[in-house]
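Colleague: Output the structure for:
(one chain, ligands or ions: 2)
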Amino acid sequence: MKSRPVLALAGGVGGAKLALGLSRILSPQQLTIVVNTGDDETFHGLHVSPDLDTVMYTLSGLANPETGWGLAGDAFAANSMLKRYGVPAWFNLGDKDIGTHLRRTELLNAGWTLSQVTAELCFRLGVRHPVVPMSDGRVATMVNTDQGSLPFQDYFVRLRCEPVAHDIEFRGTPPPSPAFVEALEGAGAIIYCPSNPFLSIAPILSLPGVRERIASFRGPRIAVSPIVGGQALRGPAAKLMGELGFDVSCAGVASWYRGICDTLVMDRADEGKKDAVAAFGLRPEVAGTVMVTDDDKTALARCVLELADEGAGT
Ligand code: GDP
Ligand code: CA
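Modeller: Ligands and ions are numbered 1, 2, ... in the order given. Here you go, the predicted model:
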């Protein structure tokens, strides 16, 4: 593990927390953070990549600490102006945040790939660790619900995850991005950040060849459970889990990761679920997984990296 880089897979807020911890310990050469883009959407002509932005803003220290997404101290004047024009501007774009989307869209329109654009934005924000979109092509996460098939942001933001989901679909099968392919080939360990498995990790695994490569990966594969004490710390992970027929617990998370993960880091609150996790063939490891402060993030990252070292040695 020491010599080979770590590949971290992440969505937005939960993923960014552990990614920040990892970036405090590992050098830019030792870490690649691959981020879900199934949530990407065009709003008012602008290409918005919410999870990439969350990771990028978190690593640059610009994120809004209260929400975990968006920029600290941002305002929403442009968005309220859109509403005055009668535009259904339910996706809250901050004024400063819009600058990011303008620049991204401008560069994409000039022919840059999303990977190139992301590298440029990160460079300008002083993010030194590689933050990589899962693909340069388009994948659209669709949530099939009792209110029909909904584009992800309609489900997540406009309808606040209220519809009952029965299936999640990823439209589009573009290849993984070049840096993702390279990281998959060269990684010494794979870490699944505590992101929503269904909405943040699954789109990454849906890309051609990715699940297969991870299934046959020879190094340690470690996931951190986003479910603590039978609940998601935020967002719809627990609700979705139940609706999709999984046990709403870290054992349910273990069942989902079966075959593509060796170790599940579960919270101290879930100590009693160790056997249930082991029953799915994952090694249970108990740690404090609720990350509030930056020290929490670094401590959990250190714990995960120690497990990766142990796994690499066996
Ligand atoms: P999103 O794209 O912004 O929805 O974020 P992610 O998919 O990356 O993360 C959402 C998940 O992160 C939720 O299921 C939360 O339960 C989980 N999460 C958020 N903060 C923490 C934390 O501090 N610890 C753990 N273990 N999970 C967390
Ligand atoms: Ca997301």
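
Colleague: So which bits of the stretch 1-150 of the chain are right by ligand 1?
Modeller: 10, 11, 12, 13, 14, 15, 17, 51, 54 (Cβ under 6 Å from any ligand atom). Where you see a C-beta, it was placed from the backbone N, CA and C, and this is true even at glycine.

Colleague: Quick check: the farthest pair among those residues?
Modeller: 17 and 51 (12.7 Å; Cβ to Cβ).

Colleague: So for the two, which sits in the more crowded spot?
Modeller: Ranked by neighbour count (other Cβ atoms under 10 Å), residue 17 and residue 51 place residue 17 first, with 30 against 27.

Colleague: so who does that one touch?
Modeller: By Cβ atoms under 8 Å, 6 or more residues apart in numbering, the residues touching residue 17 are 58, 68, 193, 194, 291, 297.

Colleague: Next one, pLDDT for the fifth one please.
Modeller: pLDDT, residue 291: 97.

Colleague: Please name the residues that touch it.
Modeller: 17, 18, 21, 297, 300.

Colleague: you'd agree residue 104 is up against residue 120?
Modeller: No: contact criterion Cβ atoms under 8 Å: residue 104 and residue 120 do not qualify, at 9.0 Å.

Colleague: follow-up on the earlier one: any idea which of the contacts of residue 17 the model trusts least?
Modeller: Per-residue pLDDT puts residue 68 lowest of those, at 92.

Colleague: which ones among the contacts of residue 17 are found in helices?
Modeller: 58, 297 (DSSP state H).

Colleague: how about JSON lines for the contacts of residue 17, with distance to residue 262 added?
Modeller: Putting those into JSON lines (distance: Cβ to Cβ, whole Å) gives the following:
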{"residue": "58", "distance to residue 262": "27"}
{"residue": "68", "distance to residue 262": "28"}
{"residue": "193", "distance to residue 262": "16"}
{"residue": "194", "distance to residue 262": "16"}
{"residue": "291", "distance to residue 262": "22"}
{"residue": "297", "distance to residue 262": "22"}
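
Colleague: nearest residue to residue 187 other than its sequence neighbours?
Modeller: Nearest residue to residue 187, sequence neighbours excluded (Cβ to Cβ, 6 or more residues apart in numbering): residue 7, at 4.0 Å.
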